[in-house]
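Enquirer: Predicted structure and sequence below. I'll ask about it afterward.
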Amino acid sequence: MTQPEHERRLQLFGSEVRLLIGPPATAAARSAPVAALELEGFLREAHRRLTRFDDSSDLSRLNADRSWSCHVSPLLALAIDAGIWAAQETGGLVDPTLTTEIERAGYARSRTGVPGAPLVVALRTAPARRPAAPRADAAWKQVEVDVENRVVHRPPGTRLDTGGTGKGLVADLGAGRLAGHATFVIDAGGDLRIGGTEPVERPVEIDHPFAPEPAHSFRMAAGAVATSGIASRIWRTPAGFAHHLLDPSTGEPAWTGVVQATALADTALAAEALAKAALLSGPERGAALLAPRGGVLVLDDGEVIRCGPLRRPPAREPVPPPVRARRSPRVPAGSPR
C-alpha cells in the first residue's frame, strides 16, 4: 500500500467502531477523511434509528405500534427484512422476535459500560449443555416486509429486535459507500468488512475468551468476519447467570457447549447470522455449519475447533500487524495503512 489509510474511531452499537479508509480510486469517490466523516454520520444515524434502548428510535416506535401494518423508515425496513432473511437462512435459530424474552432475561437496558460477570464463574453453574432449537410457533414467520414501500406487516404485539443482523447490515451498507476507495476496513461493533478496489491481504486474529493469545490467525483481502460470543455480556440474576444469546425454543439463555463462534462470509450480515447459528447449534452442528467457508469455535473448556478452510496451518512468512476479530471484532492500532 503506497498511501496510508485514514483512521476514525467512535463508540456505537455498544462497542468501539473503527474505520480505515484508503485513497479514492474513482473520480466519484470522496477523499478518505471526507468519506470517513460521511460514513460516521450514517453509522450514528443507523444506531439512533435501530436501537431498542431509546423509546424514540424507529425500532421502538414500531414495537409500540399495535397495528398490523406500519410504515417505517427505509433503513428499518431493510433491517427488519435482514432479520427475517437471517431467520429463514438459519432455520429459525436467529430469531428477531425474541424481544420480550431478552428483556425478561435481564437485557432491557443497554449494558454498555456495565461490568459483566466472569465467564468461567458462569460456566460452573450453567445448566446442562444442549443445542438450541427453533421455536415451534415462531412469530417471525408471520412478519412480512415490503421494502420498496417501507411497510412492515406483523401480528399486533409482535416486537422485533434488529440486534446483530442490523449491525451486519449497516457494515455492508457502509462497505457499499466505500466501494470507490482503494482499501477499507469497517469494524462495526462486532462485524468486520474488508475490501476495496485494490484490496490488501491483512492478517486477522480471533481473540480467545479464556487466554491472552489468539484462538486462531488467518489472512483475508476481502470479505466479512463476524464473531458471536457470550463472554462480553453475562450478568447475574436471582436464578443464576444469563447472557444475550437465547434458545428460541425456550426463550432462555442458550448454554450449548460453545462460548464463541467466528464465521467467514461474503457479507457481514451473512457472517453474523452464521456465527450466531453456529454457537446456538452446539459443537458438532456448529462446526458443520462453518465448514463450507471456514470458521472457529471455542468450547466451554477452551478447546479451539478450526473449521473448513481455516483448518489449514497459518502462513509462516512475515506479515504486517493484524486485524483482530474479537468477540466484538475490531481493528487494532497498527493495522496495515
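Expert: Okay, I see it.

Enquirer: and Ala139, what does it touch?
Expert: With contacts defined as Cβ atoms under 8 Å, 6 or more residues apart in numbering, the neighbours of Ala139 are 97, 154-155, 158. No exception for glycine: its C-beta is placed from N, CA and C like everyone else's.

Enquirer: Among those residues, the buried ones, what's the PyMOL command?
Expert: One line in PyMOL is enough to select the buried ones among these; burial here means 16 or more other Cβ atoms under 10 Å:
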select buried, resi 97+154+158
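
Enquirer: give the contact list for the closest residue in space to Ala291 that isn't next to it in sequence.
Expert: Sequence neighbours aside, Gly308 is the residue nearest to Ala291 in space, at 4.0 Å (criterion: Cβ to Cβ, 6 or more residues apart in numbering). Neighbour list for Gly308: 290-295 [criterion: Cβ under 8 Å, 6+ apart].

Enquirer: And Leu37, by the same measure?
Expert: Shown in contact with Leu37 (Cβ under 8 Å, 6+ apart): Arg8.

Enquirer: got the CA coordinates for the helix or strand encompassing it in PDB?
Expert: Per DSSP states H and E, Leu37 falls inside helix 32-50. Coordinates of the C-alpha atoms in helix 32-50 are reproduced here as PDB (Å, rounded to 0.1, in the frame of the first residue of the first chain):
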ATOM      1  CA  ALA A  32     -10.700   9.400   2.700                       C
ATOM      2  CA  PRO A  33     -11.200  12.000   5.600                       C
ATOM      3  CA  VAL A  34     -14.500  13.200   4.000                       C
ATOM      4  CA  ALA A  35     -15.700   9.700   3.300                       C
ATOM      5  CA  ALA A  36     -14.900   8.800   7.000                       C
ATOM      6  CA  LEU A  37     -17.000  11.800   8.200                       C
ATOM      7  CA  GLU A  38     -19.900  10.900   5.900                       C
ATOM      8  CA  LEU A  39     -19.800   7.300   7.000                       C
ATOM      9  CA  GLU A  40     -19.700   8.300  10.600                       C
ATOM     10  CA  GLY A  41     -22.800  10.300  10.100                       C
ATOM     11  CA  PHE A  42     -24.500   7.300   8.500                       C
ATOM     12  CA  LEU A  43     -23.500   5.000  11.300                       C
ATOM     13  CA  ARG A  44     -24.600   7.300  14.000                       C
ATOM     14  CA  GLU A  45     -28.000   7.700  12.300                       C
ATOM     15  CA  ALA A  46     -28.300   3.900  11.900                       C
ATOM     16  CA  HIS A  47     -27.600   3.500  15.600                       C
ATOM     17  CA  ARG A  48     -30.200   6.100  16.600                       C
ATOM     18  CA  ARG A  49     -32.800   4.500  14.400                       C
ATOM     19  CA  LEU A  50     -32.200   0.800  15.200                       C
END
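
Enquirer: Check the average confidence over the helix or strand that comes right after that helix, would you?
Expert: Toward the C-terminus, helix 32-50 is succeeded by helix 58-64 as the next helix or strand (DSSP H and E). Summarised as a single mean, pLDDT over helix 58-64 is 97.

Enquirer: Can you give the contact residues for the next helix or strand after helix 58-64?
Expert: Heading C-terminal from helix 58-64, the first helix or strand you meet, by DSSP H and E, is strand 69-71. Where contact means Cβ under 8 Å, 6+ apart, the residues beyond strand 69-71 that reach it are 62, 150-153.
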